[in-house]
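Participant: Sharing a model that was predicted from the sequence below.
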Amino acid sequence: MDNVTVREMTVDDIDEVMEIEHASFAIPWKREAFVGEVEQNNFAVYYVIEDENRIFGYCGLWMIIDEAHITNIAILPSHRGKGYGALLFGHVIEQAVEKGAIMLSLEVRVSNTGAQHMYRKFGLVPGGIRKQYYTDNGEDALVMWVNFHDER
């Protein structure tokens, strides 16, 4: 993982992020959604992970008072299974805690056991099901969360 860095996303990164988005999701976000998140949403901070100036992953974080929510996280298929998702997710969690988060939540497909396993390594536990959450196939989402005060 030499030469790999995580930093805040800028509008200039969105074209590369769109490549990741289209490679990762059946119904990708539109470019305008990312522009709005980066430029206008005061609750949002997005991060990219890159190697030698090539972005290969990103993660979105919403901070609302003391609650953090992961909006999305994706790694290019060619870079999956190498620990980059955990590196990125760990950095975003650190940022959330630094910004005052007491708890963090996210939704993940019930079929995405690999991601669930990674989230559990960071202390997240299942908190419920959102029925038919994903519009591409009606799959349920598992809500996972962690209370940082319980972790200390």
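Facilitator: Happy to help now that I have it.
Participant: All the strands of this structure, in order from the start?
Facilitator: In the chain, the strands defined using DSSP state E lie at 4-8, 44-51, 54-64, 67-75, 103-109, 125-130, 141-147.
Participant: need those in JSON lines with distance to Val92, can you?
Facilitator: Where C-beta positions appear, they are placed from N, C-alpha and C, glycine not excepted. Below are these laid out as JSON lines (distance: least, Cβ to Cβ, whole Å):
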{"stretch": "strand 4-8", "distance to Val92": "8"}
{"stretch": "strand 44-51", "distance to Val92": "6"}
{"stretch": "strand 54-64", "distance to Val92": "5"}
{"stretch": "strand 67-75", "distance to Val92": "7"}
{"stretch": "strand 103-109", "distance to Val92": "9"}
{"stretch": "strand 125-130", "distance to Val92": "18"}
{"stretch": "strand 141-147", "distance to Val92": "12"}
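Participant: Tell me which of these approaches Trp29 most closely.
Facilitator: Among those, the nearest to Trp29 by Cβ to Cβ is strand 67-75 (7.4 Å).
Participant: Between strand 54-64 and the closest one, find me the angle.
Facilitator: 160 degrees (axes from the mean of the first three to the mean of the last three Cα atoms, to 10 degrees).
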